[in-house]
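Structural data only, the sequence is not supplied:
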């Protein structure tokens, strides 16, 4: 059969145009109510729907600006970031929709689910008095159910939801215990949001569960954050529970300081990758907020596989999401202060291979004014290898000051208004790298560090900053074994110095 040359040319042009359009990148801000200054909005989740993206939004709309409470919206935007359309909105008077991230999910039947809190008041400690709700939608985003979970007299906040293998839902959040302690809250429901069981786990201080995933053994992995009022320190953590909420094990991360937010992802082999903002003590001023990105890989039983530190020192590192790619590479998305001279927040996306070797880092922003915030909180992977992410831009020159931000990269992570600076992989022996194992430990632990060229020291500090152990380290050594039987159960900081200069530090949990 003879094919017309002009037909072939036309077909090739169409295919080329289609391929090009799939790789179109953009960076756009959207204000649902135009330039009304107080009508600020942020996007909290993004889902792919055919050739469009669905977004969950919270913000102050024209009906509720005067009452200073947030409404909940769902919107649709096409794959080029155009044709923004509000498709659902919920704005009851005198209540406030909390804007936690990652609570808008796709369900097994091509429908959608949203989890949230409606807050009507606050207690004397500003802990919100809230009603938990689950919304279900069909494939066209028609609302099919709004289910309110049983109201508890003890204040609670819910933060994340996932669908389980039985098509029910697992929910994680925070439950008030006393003025100095909150516990991790877990709720299991059926497919219609009816509560099946509920429990809470004490991890000490003010703790909250912020992310939950079902594991291959039908248990659950939870990521949370713990803050100490007394010491003014904060640590992310993961904990594992079985299918009915019984505690199995946990790991706390970071130094004795203000460590940044974390996220985790489960690989195709069932291992766990955790990333968070590590607070370093190698800088003299405000060291709680200065740090790197620490990434750790665990086997399903909680055994550490590898532990690596990345990037240059940055202020206020936080991780928002980890995505596992089909080839087992993974992407870490987070945020930090872009620089001391500019002092605005930007979003960072890192790409690594399955072994944790760094591939690239990109920095994204829309505005660069002093104290502006460019924060992406959720993303999805497109079939062509590109990433589409959503969040918000808080800009001094914007009206309204907070607007929805949608960004799409190409397959190499490039997008408009971003800066590519490469990535520094901090390998063992470089600044900040000290390993301790086992950790947690009961009687003895081992400290690894890079080989000392000068005489060194090791110090262990308790939560009050008091030295509870110190010793000299010999020139040429790279490891020491410690007996910790004399230490009380708790969290400690281990610092290794060479000729008085800090080589690195690590947290140690004594059981």
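Perfect, thanks for sending it. Since we're looking at a predicted model, the values are computed, not measured.

all helices for this protein, in order.
Secondary structure of the chain (DSSP state H): helices located at 5-22.

Which strand in it has the most residues?
With secondary structure taken from DSSP state E, the chain has its longest strand at strand 304-324.

Nearest the geometric middle of the chain, what residue?
residue 320 (2.6 Å; CA atoms, centre = their mean).

so it sits right up against residue 260, yeah?
No - using CB atoms under 8 Å, residue 320 is not in contact with residue 260; the gap is 10.2 Å. Where C-beta positions appear, they are placed from N, C-alpha and C, glycine not excepted.

okay, and the common contacts of those two?
In terms of CB atoms under 8 Å, 6 or more residues apart in numbering, residue 320 and residue 260 are both contacted by the residues residue 334.

Could you list every helix and strand that the longest strand of the chain packs against?
strand 262-266, strand 272-279, strand 290-298, strand 330-337, strand 345-352, strand 373-381, strand 425-426 (3 or more CB pairs under 8 Å, 6 or more residues apart in numbering; DSSP states H and E).

how near is the residue nearest to the centre of the chain to residue 195?
Taking CB to CB, to the nearest Å as the measure, residue 320 falls 29 Å from residue 195.

One more: residue 360?
44 Å.

Distance check, the residue nearest to residue 177 when sequence neighbours are not counted against residue 79.
Of all residues not flanking residue 177 in the chain, residue 183 sits nearest, at 5.2 Å (CB to CB, 6 or more residues apart in numbering). Going from residue 183 to residue 79 by CB to CB gives 42 Å.

got it, and residue 200?
42 Å.

now residue 264
29 Å.

Neighbour count for those two, which is higher?
Neighbour count, other CB atoms under 10 Å: between residue 264 and residue 79, residue 264 has more, with 22 against 19.

buried set for stretch 167-186?
For stretch 167-186, the neighbour count (16 or more other CB atoms under 10 Å) marks 169-176, 181-186 as buried.

Give me the mean pLDDT for that stretch.
When pLDDT is averaged over stretch 167-186, the result is 93.

From one end of stretch 211-226 to the other, what's the distance?
13 Å (CA to CA, to the nearest Å).

Distance from the chain centre to it, please.
Its chain's C-alpha centre and that of stretch 211-226 lie 14 Å apart, by CA atoms, centre = their mean, to the nearest Å.

Any buried residues in that stretch, and which?
211-215, 219-226.

which of the residues you listed sit farthest apart?
The span of those, defined through CB to CB, is set by 214 and 226 at 22.9 Å.

per-residue confidence at residue 305?
pLDDT, read off for residue 305, is 89.

give me the beta-bridge partners of residue 291?
residue 279, residue 314 (DSSP bridges).

Tell me, how many residues neighbour it?
30.

Can you give me every residue that contacts it?
Counted by CB under 8 Å, 6+ apart, residue 291 has contacts 255, 259, 260, 277, 278, 279, 280, 313, 314, 317.

pretty sure the second one is in contact with residue 280, am I right?
Looking back up the chat, that one is residue 259. No - under the criterion of CB under 8 Å, residue 259 makes no contact with residue 280, lying 9.8 Å away.

neighbour count winner among these two?
Neighbours were counted for residue 259 and for residue 280 using other CB under 10 Å; residue 259 has more, 29 against 25.

Please read off the pLDDT at the more buried one from the model.
If you check residue 259, the pLDDT there is 90.

can you pull the pLDDT of residue 427?
pLDDT, read off for residue 427, is 42.

Make residue 1 into 628 and carry on from there
Sounds good: first residue 628 from here, last item residue 1054.

Quick one: mean pLDDT for stretch 1017-1032?
In this model, stretch 1017-1032 has an average pLDDT of 92.

Identify each buried residue in it, please.
1017, 1018, 1019, 1020, 1021, 1022, 1025, 1027, 1029, 1030, 1031, 1032.

how much space between the second one and residue 1038?
The one in question is residue 1018. For residue 1018, the distance to residue 1038 equals 21 Å [CB to CB].

Please apply the same query to the third one.
Here the distance between residue 1019 and residue 1038 works out to 25 Å (CB to CB).

And the pLDDT at residue 640?
Each residue has a pLDDT score; the one for residue 640 is 42.

again, but for residue 1130
For residue 1130, the pLDDT comes out at 70.

which stretches of this protein have low pLDDT?
Applying pLDDT under 70 to the chain flags the ranges 628-650, 664-665, 689-695, 719-723, 725-729, 747-756, 908-915, 966-969, 1046-1060, 1128-1129.

shouldn't residue 744 be in contact with residue 776?
No - the criterion here is CB under 8 Å, and residue 744 misses it with residue 776 at 9.9 Å.

that older thread, redo the contacts of residue 918 as JSON lines? Include distance to residue 873.
What follows is the contacts of residue 918, written out as JSON lines (distance: CB to CB, whole Å):
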{"residue": "882", "distance to residue 873": "30"}
{"residue": "886", "distance to residue 873": "27"}
{"residue": "887", "distance to residue 873": "30"}
{"residue": "904", "distance to residue 873": "30"}
{"residue": "905", "distance to residue 873": "30"}
{"residue": "906", "distance to residue 873": "32"}
{"residue": "907", "distance to residue 873": "36"}
{"residue": "940", "distance to residue 873": "40"}
{"residue": "941", "distance to residue 873": "38"}
{"residue": "944", "distance to residue 873": "33"}
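
from those residues, which is closest to residue 962?
Relative to residue 962, the closest of these is residue 944; by CB to CB it sits at 7.8 Å.

got the contact list for the closest one?
Contacts of residue 944 by CB under 8 Å, 6+ apart are 887, 903, 904, 905, 918, 919, 920, 938, 961, 962, 963.

between the residues you listed, which is nearest residue 862?
Using CB to CB, the contacts of residue 944 come closest to residue 862 at residue 903, 8.8 Å.

how much space between the nearest residue to the closest one once chain neighbours are set aside and residue 905?
Residue nearest to residue 903 in three dimensions, not counting chain neighbours: residue 889, with 3.4 Å by CB to CB, 6+ apart. Going from residue 889 to residue 905 by CB to CB gives 10 Å.

Then residue 1098?
Taking CB to CB as the measure, residue 1098 and residue 905 are separated by 25 Å.

So for the two, which sits in the more crowded spot?
residue 905 (27 against 11).

right, and the more buried one touches residue 888 too?
No - look at residue 905 against residue 888 with CB under 8 Å: they stay out of range, at 11.5 Å.

what's around the nearest residue to residue 758 once chain neighbours are set aside, how many residues?
Once flanking residues are discounted, residue 758 sits nearest to residue 745: 4.8 Å by CB to CB, 6+ apart. Counted by other CB under 10 Å, the residues lying close to residue 745 total 18.

Could you give the bridge partners of residue 745?
residue 724, residue 758.

Check the gap between residue 716 and residue 839 for me.
Going from residue 716 to residue 839 by CB to CB gives 27 Å.

residues in contact with the residue nearest to residue 804?
801, 802, 804, 827, 828, 829, 830, 834.

Kindly provide the distance from it to residue 784.
The gap separating residue 810 from residue 784 is 11 Å, by CB to CB.

any residues in contact with both of those two?
Common neighbours of residue 810 and residue 784 (CB under 8 Å, 6+ apart) are residue 801.

neighbours around residue 766, how many?
The number of residues near residue 766, taken as other CB under 10 Å, comes to 13.

My guess is it contacts residue 735. True?
No - Residue 766 is beyond contact range of residue 735, at 11.6 Å (criterion: CB under 8 Å).
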